[in-house]
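> return atomic coordinates for the entry below.
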Amino acid sequence: MQNSFVTQSVFTLLIAAFVVFRFAIRELKPRVIKGGVLWARPAILLILSAYLAWATISFDPAGIDQLFAALIAGVVLGAITGVLIVRYTTFAPAGVPNAVIASGSRVTFAIWVIAFVLRFVARYAVPHGADPRTQLPMNSGTVALVAVAFIVIAVAFHRAIGRYGGASSVVPAR
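Just a heads-up that it's a prediction; the model follows:
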């Protein structure tokens, strides 16, 4: 039973890693963000985070304190990550309704990478970091970090779509 929870935890962490890496790479080029799909990623990540918290509690009910600490750290670091990503992202009209062009940079790419590297640093900084009973809460915190970051980013994109969503990106001729 222990191995199945650890396998599920690692699988969930790999999904979060894939999501972070994919979006970190996308930070390097302008992209059109449409309002219709804006909340799908945060919703999926919240579901994964809830599942991982449930798995952690099921596997080690005595480790609830570790889980709460990891979730609180994940939420706080996720909010910081999201705010920093938004701060270094520029927005422009997309020329289509209900959309915006978002342009990240090397700074936003680095923010994503640093946020994810923190998870692996925690493995060595936390006592017994390699123990599966420690890995599950840390993975829960990591997925919570990504979920909260995407919620903050989605809120900012939603506001930018409201501001630029109806504007044309084509400059009219004089």
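
> got a pLDDT number for residue 167?
Predicted confidence (pLDDT) at residue 167: the value is 59.

> mind pulling up the pLDDT for the most centrally placed residue in the chain?
By Cα atoms, centre = their mean, the chain has its centre lying nearest to residue 146, at 2.2 Å. Listed pLDDT for residue 146 reads 91.

> also residue 53?
Residue 53 is given a pLDDT of 92.

> tell me who's in contact with it.
Neighbouring residues of residue 53 by Cβ atoms under 8 Å, 6 or more residues apart in numbering: 67, 71, 140. Every residue, glycine included, has its C-beta placed from N, CA and C.

> so which of the residues you listed belong to helices?
Judged by DSSP state H, the subset of the contacts of residue 53 located in helices is 67, 71, 140.

> of the residues you listed, which is the most crowded?
Neighbour counts for those (other Cβ atoms under 10 Å) peak at residue 140, which has 29 neighbours.

> number of residues surrounding the closest residue to that residue other than its chain neighbours?
If the residues on either side of it in the chain are set aside, residue 140 comes closest to residue 52, at 4.4 Å by Cβ to Cβ, 6 or more residues apart in numbering. The tally of other residues near residue 52 (other Cβ under 10 Å) stands at 28.

> what strand or helix carries residue 52?
helix 40-59 (DSSP states H and E).

> list the buried residues of that helix.
By neighbour count with 16 or more other Cβ atoms under 10 Å, helix 40-59 contains the buried residues 41-42, 45-46, 48-49, 52-53, 55-57, 59.

> what's the answer for stretch 66-82, then?
Across stretch 66-82, burial judged by 16+ other Cβ under 10 Å covers 66-67, 70-71, 73-75, 77-78, 80-82.

> redo these as CSV? Include distance to residue 104 and pLDDT.
Formatted as CSV, the buried residues of stretch 66-82 follow (distance: Cβ to Cβ, whole Å; pLDDT from 0 to 100):
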residue, distance to residue 104, pLDDT
66, 33, 88
67, 32, 91
70, 27, 91
71, 27, 95
73, 25, 94
74, 22, 94
75, 23, 97
77, 19, 95
78, 17, 96
80, 17, 97
81, 13, 95
82, 13, 96
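
> helices and strands around the one helix or strand residue 123 maps to, which ones?
Element membership for residue 123 (DSSP H and E) is helix 106-125. Where contact means 3 or more Cβ pairs under 8 Å, 6 or more residues apart in numbering; DSSP states H and E, helix 106-125 is packed against helix 2-26, helix 64-87, helix 132-164.

> who are the packing partners of the longest one?
Helix 132-164 sits against helix 2-26, strand 31-34, helix 40-59, helix 64-87, strand 90-93, strand 99-103, helix 106-125, with contacts defined as 3+ Cβ pairs under 8 Å, 6+ apart.

> that'll do, ta.
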